[in-house]
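S.K.: Fold the following, please.
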Amino acid sequence: MIHRARILAYSGTLIALIAAGSWISIPLPPVPLTLQTLFVLLSGIVMKRYAVIPVALYVLFGAAGLPVFHNGTAGLGVLLGPTGGFLLGFIPAALIVGLAYEHESPKSRVAGLIAATGVIYLSGVAWLAWSASLSLPQAVLLGVAPFAVGEVVKVTAAYTIGKRVA
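M.R.: Purely as a prediction, here's the structure:
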């Protein structure tokens, strides 16, 4: 079990990293490409099941008006907009990676990273389709296709970094 002081220290650091990752952004409408997902995945690697704490706090801070979402955006409007499903998907994704990294098996860990990324995109595409009145194929075309290669790179980077820190 992670000691409380570590949970606090790791949470603060990971919230800051996820927020910093949101500023590293390629503006693709309606959903920008950012490094947030890399740091969400890394939070699960580092904090295991406790990763939901910093990720949920990150989403809560952004919803409360702190400019931590992509390119300094904030507020409930962002969560209700086209990117809201992706942001909310970060929370279960962190838990999935965290639970996977509680096991030593590389296969479990890779499966956790892939499943977590899938959850982010599943919730993101569902919300994008609904919030922007798009068909599901249109939402996939706009919300997944442009990011697939980048996500493979981020998952690979997270796994590689995880070998060193987990």
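
S.K.: helix, strand or coil for P82?
M.R.: At P82 the chain is in coil, as set by DSSP: H, G, I helix; E, B strand; the rest coil.

S.K.: From what I see, it and A126 are in contact.
M.R.: No. Applying Cβ atoms under 8 Å, one finds P82 not in contact with A126, separated by 11.6 Å. Any C-beta I mention is one placed from the backbone N, CA and C, and that applies to glycine too.

S.K.: Contact partners for the closest residue to P29 other than its chain neighbours?
M.R.: Distance criterion Cβ to Cβ, 6 or more residues apart in numbering; nearest residue to P29, sequence neighbours excluded, is L142 at 7.9 Å. For L142, the contacting residues are 29-31, 128, 134, by Cβ atoms under 8 Å, 6 or more residues apart in numbering.

S.K.: Tell me the spacing between L87 and T156.
M.R.: L87 sits 23 Å away from T156 when distances are taken as Cβ to Cβ, to the nearest Å.

S.K.: the more surrounded of the two?
M.R.: Neighbours around L87 and T156, counted as other Cβ atoms under 10 Å, are more numerous at L87. The numbers are 26 against 12.

S.K.: which residues sit in contact with the closest residue to I45 other than its chain neighbours?
M.R.: In space, not counting the residues next to it along the chain, I45 is nearest to G162; the distance is 4.1 Å by Cβ to Cβ, 6+ apart. Applying Cβ under 8 Å, 6+ apart to G162 gives the contacts 42, 45, 101, 109.
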